[in-house]
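In: build me a structure from this.
(one chain, ligands or ions: 2)
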Amino acid sequence: MLCTAVAGAFESRTSAQSADPAIIVLDPAGVSSLSMGGSAGVRLPGSGVHVNSSSPMAVHLAGSSILEAQYLNITTTSVPDVSHFIGVLNTERPALADPLLALVEPVPGAPVQTATVIVTVETTLTLNPGFYPGGINVRGNLLMNPGVYILDGDFSANSQARINGEGVVVFLRGAANLDFSSDNMTFQLSPPSAGPYQGIGIFQQRGNTATSSLAVSASSRPQGTIYMPSSQLNITASGTIASVARFVVNRLNVTGSGSFTVIVCGTPDFNGDGDFGTDADIEAFFACLGGNCCATCFAGGPDFNGDGDFGTDADIESFFRVLAGGAC
Ligand SMILES: [Ca+2]
Ligand SMILES: [Ca+2]
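Out: Ligands and ions are numbered 1, 2, ... in the order given. From the prediction side, this is the model:
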């Protein structure tokens, strides 16, 4: 009974959820702005996808790829490859404005190192945040201390790269891109949990149209918001991956054979009134567990941890962990 009530309440909130998709593809008019191929799967059990392009071919889902989401919003009337989509297709939706337009670009100070930082094979280098005009090339172990890294050169890695860090945001200026295309590499950077770049993982400068690539696997995961408003992001997925992430990109292409689940976790402001972690948030969360989710409540409803299961012990544990300032 509880499941039925919860599911009903959840479905009735689809229009509210449309305002907060986990994947936003900003390209205003391009063909194949959102494209998938191979046997890649992208799943968003707690959220949806919004594609702005006015092209009738804006969405191209080829091969045996599957896009599974609560909803797919498009500005046109149909998706040619709709058999590859599982979820609610919302047509003729207005284009979304870039939700991160107000995010201020970080300003570089004096360079930490002017030449490209090269992490050689089987060595370990620890970097501090700051300005790296020559970019960073990783073939060994890179540990990144918390903070903002500003790169004018590419952030690249090969199959032997191991990149780890917490509280890290990478800002790619000019024509710098992310060149992480080896599916054997390790890429584990979590975004800052506070400050102006809270939740931002990668920020590719507005106007920077360099295509970025990211191999997504069990050891290489995008975390936090990947914000590339002028760029195409090419994801190659292998294996089964789940990650708390959000994508605001100009164009997105996903290929490979993997199944990539994008998790949207709730915040301490469960009831969406702007106050974080109050008694009202706790009451709203438990009301939602009971099947009565408020209109302004977290879009994932009782699936607080965004794993596609609604109102389980894991959701309750995740809620209290996040309330205490912890991870999803
Ligand atoms: Ca609140
Ligand atoms: Ca859940």
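
In: Three-state assignment for residue 44, please.
Out: What DSSP: H, G, I helix; E, B strand; the rest coil gives for residue 44 is strand.

In: is it true that it touches residue 70?
Out: Yes - with contacts counted by Cβ atoms under 8 Å, residue 44 reaches residue 70, the gap being 6.7 Å. Where C-beta positions appear, they are placed from N, C-alpha and C, glycine not excepted.

In: tell me the domain ranges of this protein?
Out: Domain assignment for the chain, taken from automatic domain parsing, gives 1-14+267-328, 23-90, 117-259.

In: so for residue 14, what's the pLDDT?
Out: Per-residue confidence at residue 14 stands at 35 (pLDDT).

In: actually residue 263, sorry about that
Out: So, for residue 263, pLDDT stands at 89.

In: contacting residues for it?
Out: Contacts for residue 263 (Cβ atoms under 8 Å, 6 or more residues apart in numbering) come out as 45-46, 242-245, 305-307, 328.

In: in strands, which of those residues fall?
Out: Per DSSP state E, strands hold the following members of those: 45-46, 242-245.

In: what pairs with the residue sitting nearest the centre point of the chain across the strands?
Out: In the chain, the centroid-proximal residue (Cα atoms, centre = their mean) is residue 246; its distance is 2.1 Å. Bridge pairing for residue 246 (DSSP bridges) gives the partners residue 225.

In: tell me the contacts of it?
Out: By Cβ under 8 Å, 6+ apart, the contact list for residue 246 reads 22-23, 199, 224-226, 262, 264.

In: quick one: end-to-end length of stretch 235-246, please.
Out: Chord length of stretch 235-246, first to last residue, is 13 Å (Cα to Cα, to the nearest Å).

In: for that stretch, which positions count as buried?
Out: By neighbour count with 16 or more other Cβ atoms under 10 Å, stretch 235-246 contains the buried residues 235-238, 241-246.

In: and the residues you listed as CSV, adding distance to ligand 1?
Out: What follows is the buried residues of stretch 235-246, written out as CSV (distance: Cβ to the ion, whole Å):
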residue, distance to ligand 1
235, 34
236, 39
237, 35
238, 39
241, 31
242, 27
243, 26
244, 20
245, 23
246, 20
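
In: farthest-apart pair in those residues, please.
Out: 238 and 246 (21.3 Å; Cβ to Cβ).

In: cheers, nothing more for now.
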